[in-house]
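Asker: Make a model of this:
(3 chains)
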Amino acid sequence: MTALRSGGAAAGRSGARRLISDVVLLVVAVVWLGPYAWMTITSLKTLPEITRAPAYPLPQAIQLGAYREVLQAVPVMRYFANTVLMATAIALLQIALALPAGYALAKLRFVGRNAAFVLVLSCLLIPAQVTFVPVFTMLGAAGLVNTFAALILPFGVSALGTFLVRQALLSVPDEIIEAARMDGAGELRIIYLILGPMLRPTLSALFLFSFVFHYNDYFWPLVMTTDDQVRTLPLAIALLREQGTGVRWHLVMAGNVLLSLPVLLVFAAAQRQLLRAVTARV
Amino acid sequence: MSGRARGAARSGASAACSRRDALRALAASIAAAASGATGCARRAPDGRIEASLWFAYGGKNREVLLSLIDQFHREQDRYRIDAVYQGDYFEALAKLRTALAARAAPALTHVVGEVVPYLAEAGVLEPLDRFLGAPGAGHADLDVVEALGQAGTFVGGGERPLVCLPFNRSTPIAYYNRDVFRELGLSPPSTWDELRAAAARLVVRDGVGTRRWGFECPIDWWFWAALVGQAGGELLGPDGAPAFGGEAGVRALRFWQTLVHEDRTMKPPPGRDYNAWQVTNTDFLSGRVAMIWTSTAFLRYLEENAGQAGAGKFEVGAAPLPRDVRSSVPTGGTMFVMPRGAAPAAQEAAFAFLRWMMQPSQANAWATRTGYMPVSRRGLEELTRSGYYAAHPNDRVAVDQLAHAAPWPWSPDLFRVQREAVQPRLEEAVLAQRDAAETLSEAVRVARER
Amino acid sequence: MKPRHPSSPYLLLLPTAAFLAVFFLVPLLLAARNSFYAWDLLTPPRYVGLRNYEVLAGSGELMGTLLRTLGYSAVVVTLSGSLGLALAVALDRPGPVYAFVRGAVFSAYVVSWVAVALLWMWILDADGVFSAALRGLGLPTMSWLGDPRSALLALAAVSVWKITGYAMVIFLAGLQDIPRALHEAAALDGAGPWRRFRHVTWPLLRPSAAFVATTSLILSFQAFDVIRVMTQGGPVRSTTLFVYAIYEHVFVNLRVGRASAMIVIFFGFLLLLTVLQLWALRAGAPREGRRPS
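Answerer: You can find the predicted model right below:
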């Protein structure tokens, strides 16, 4: 967890202050870690245990029955594969499109450059929730609803991505590009093969951020898919909360663990890159 | 707006339509070209003709449906039904509508009864007559219980082309905690007044709180419709315009308000739609309420879970809903429909499955394992003959109650009116305590505006 | 730099422009057109002029939805912002324990809204662990998500839990940019911790604060998942916020035209917020041209 580095001074603290900060630490940890713990604990219980004493802190015995049942009821692996495929494709597409656009905006002088930059930024602050009805009918008319195309294409351009790439390119010296041009490299070659590798930290940050965001997305797949072939994991987990009869919370929480664990692992492994994108630091 | 402008606007609209139609035609041809599209009949690897069935159950009902589908696959080798879960009724309906708009609807699905007129009038349902063989033969071969089929579910439903077949049909019934009733010497109430009195006897207060409520019922359109019928009202006027029972509608709403706010014997379950239904069930099972109204659908679930060993174990009783000026219950649950646009082969498979499901043994298996009502007439006779109802008096209640089933008006607006005009206002009137008459006249106003 | 060919910048921007046009501009125009029709997706649209807007404004629906959305946003933005700032200041210390707790707080931002919503539904359930804890302390409890008075606040609280980590991280980044020497100088001058915060830290964190405020404002305006999963807009519309209202019009009430009118209005508000954000970014301008940290 080195990325959330800290520069604060630790010098000369009195015992009382130390106590206060320990208490704060504890409260914060409970508030933010408690729910995860509760999720995991519930997923290890059985239904009768939960109905009898919903708030009892510990499971009688560690039961993996809930996980078995979820894996049986829902093709979790397929949904997971769908989700990863979709999120990866979106992230790659965004990078592929952000590089030339960012390059033009950062490095080339042309009429309307500022206007284009502002347009990209402002246009893309429009959320999917504003455009989904017409996009849905358009995709429907093109026969693309319920396909990966419908899940991926609408997110091909990312404002954040274009912005980050542009910012990163601003600090790349022009000489590098000039030298490459001298060697006869074309613009696309310069963009993808010379600048691309140089921007690796930024691009991996962008990739991770976009991946996590779309892995988690619920709204768009909800509207655009009806079919097991393309359905994504968050949808399937939300559907576990079956209504009418009592919710089988142990199943829902087991599904929740299955849904969250991959993202938390990615986060633990690559916190630094992720934060770079979140804080827009390049 | 001037007449000319209006004319121009109209022609603009029609131009937009024809453009959209052209796009659709284009889309349809693209979809036809791409062999993987949903609209096309798929052949399973084993050579069977496949049809997809979108369904909206979780839990126990899902298990029973899937096991029936397995049985269907074992009993014949021509067709395969590919069942896909689409969330609860409302979510599944949203999916169905978007899929219809995108020309990607399944060959078979099921929808709540109230939405059938809308879909039928929009022309998106396949008339089922043409699968039935000889024209004019009617629906005889399916032999469904009249009150649960299209003919009995909708006013004038029998005269229209057949577009739906009953699947999981239900009525609301009252469930009571037999142990508590026995202890207090109460019998299930048969009138509104008796209900009020029984609820008052059943309630157990605990300081300012309530340890046990007398009555609980989701603040939902379905139960309100039951109350309106019992109070002698009709939901739509003779001209098909929303009336919401007029005075009877107000009385129905006031009845709830009295129980909740004046007597404080009824718990209005929190949450919306099926969240509230679920709370009602769990409150009943945990002994926090002694009497509830909910669907027959939960009969098995409630019986099984109330009977489980544990501190709260009790015996579940079922009773018909009480009367006011008359006995009346709406029917509920869903109908099978075949959306337009599936490939003929898929439709053939879908209808084969439908027909199979309507047979007495399947219909009865579904009913007795879930608590929904048997939809096959011969099946129902068989159950009666074999002494099933003598052994399961709770199951009998809903069947007997069918004598008082009130058909829904055949109105394409029925569903919209329910979701948009009535449902949120019922919650408002009961939970936020708004005047009943004012709330309903507002609902009528909203419902009439198109 | 001078482009190699005068048209090359435009060609390089073309793919981006094409995607923008197809997935943002055209849909927006289509929505604007649809807002003059009554349409249910299935039967042919009917031209109704400004009727959709009139009904939205006249019935009080627009005002109600807008006020609820603004109320929710106000609570979420202020609480997550101030909590994030407090946590950033409190947790800005070296050591693995602090790093771990910072990671824990931020992790909520990374996990999906669906998971968070389902989890908190269970925690806030009438029989759930939160109510049990309150009862254990002898405090009254209620159906947090089922009561129209508390449902929106409960959703706001869950959202605060989810995005506080985001605010914290931005503030932490801001804190790291404050030269240690400034603090030391102020300490030498005899300034206590509060005065040091007030006069040294806060002024330098202002750009971060503006950034946090505008981004989380836009984020909170778009709230959908949490409502869809936890309350479906109820009870009694108390949690029907803007985006959910649009969704409900399309998929439940079968009114695409009315939904489109709401979309047009919603877009107007977003535009306003966007202008606000661009302005704040420029005012803050904290990142331009800095080296990687």
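Asker: tally of neighbours for the residue of chain B found nearest chain C?
Answerer: Nearest to chain C, among the residues of chain B, is residue B:270, at 1.7 Å (Cβ to the nearest Cβ). C-beta: built from backbone N, CA, C; applies to glycine. Under the neighbour criterion other Cβ atoms under 10 Å in any protein chain shown, residue B:270 is assigned a count of 23.
Asker: you'd agree it is in a helix?
Answerer: No - read with DSSP: H, G, I helix; E, B strand; the rest coil, residue B:270 is coil and lies in no helix.
Asker: you'd agree it is up against residue C:125?
Answerer: No - counting by Cβ atoms under 8 Å, residue B:270 does not reach residue C:125; the two are 10.3 Å apart.
Asker: Now for the two: what residues contact both?
Answerer: Common neighbours of residue B:270 and residue C:125 are listed as residue C:145 (criterion: Cβ atoms under 8 Å, 6 or more residues apart in numbering or on different chains).
Asker: what's the closest residue to chain B within the stretch 1-150 of chain C in contact with, if anything?
Answerer: Proximity of the stretch 1-150 of chain C to chain B (Cβ to the nearest Cβ) peaks at residue C:146, 1.7 Å away. Counting by Cβ under 8 Å, 6+ apart, residue C:146 touches B:269, B:270, B:271, B:275, B:276, B:279, C:126, C:235.
Asker: ok, the fifth one touching residue B:282?
Answerer: No - taking Cβ under 8 Å as the definition, residue B:276 is not a contact partner of residue B:282, at 11.0 Å.
Asker: More neighbours: which of these two?
Answerer: residue B:276 (24 against 21).
Asker: that's a helix at that one, yeah?
Answerer: Yes - residue state for residue B:276 (three-state DSSP) corresponds to a helix.
Asker: Look up how far residue B:71 lies from it.
Answerer: Distance, residue B:276 to residue B:71, using Cβ to Cβ, to the nearest Å: 34 Å.
Asker: Doesn't the residue of the stretch 1-150 of chain C closest to chain B belong to a strand?
Answerer: No - read with three-state DSSP, residue C:146 is coil and lies in no strand.
Asker: host element of residue C:243?
Answerer: Secondary structure assignment for residue C:243, by DSSP states H and E: helix C:242-251.
Asker: Leaving out chain neighbours, which residue sits closest to the residue in the stretch 101-250 of chain B positioned nearest to chain A?
Answerer: Proximity of the stretch 101-250 of chain B to chain A (Cβ to the nearest Cβ) peaks at residue B:102, 3.2 Å away. Nearest in space to residue B:102, with sequence neighbours left out and distances taken as Cβ to Cβ, 6 or more residues apart in numbering or on different chains, is residue A:140 at 3.2 Å.
Asker: likewise residue B:220?
Answerer: residue B:276 (6.7 Å).
Asker: if we can go back for a sec, for the residue nearest to residue B:102, list the residues it contacts.
Answerer: B:27, B:98, B:101, B:102, B:103, B:104.
Asker: Just the pLDDT at it, thanks.
Answerer: Turning to residue A:140, the model gives it a pLDDT of 83.
Asker: can I assume residue A:275 is in contact with residue C:166?
Answerer: No - applying Cβ under 8 Å as the test, residue A:275 and residue C:166 come out as separate, 10.2 Å apart.
Asker: between these two, what contacts are shared?
Answerer: With Cβ under 8 Å, 6+ apart as the test, residue A:275 and residue C:166 both reach residue C:106.
Asker: on that earlier part again, from the contacts of residue A:140, which two are the most distant?
Answerer: Distance extremes for the contacts of residue A:140: the farthest pair is B:27 and B:98 at 14.1 Å, using Cβ to Cβ.
Asker: what kind of secondary structure is the residue in the stretch 51-200 of chain A that chain B sits nearest to in?
Answerer: Of all residues in the stretch 51-200 of chain A, residue A:140 sits closest to chain B, at 3.2 Å by Cβ to the nearest Cβ. Classification of residue A:140 using three-state DSSP returns helix.
Asker: Beyond whichever strand or helix holds residue A:78, next helix or strand please.
Answerer: Per DSSP H and E, residue A:78 falls inside helix A:76-107. Scanning forward in sequence from helix A:76-107 by DSSP H and E, the next helix or strand is helix A:113-123.
Asker: Tell me which helix or strand in chain A has the weakest average pLDDT.
Answerer: Least confident helix or strand, chain A: helix A:47-52 with a mean of 78, by mean pLDDT, DSSP states H and E.
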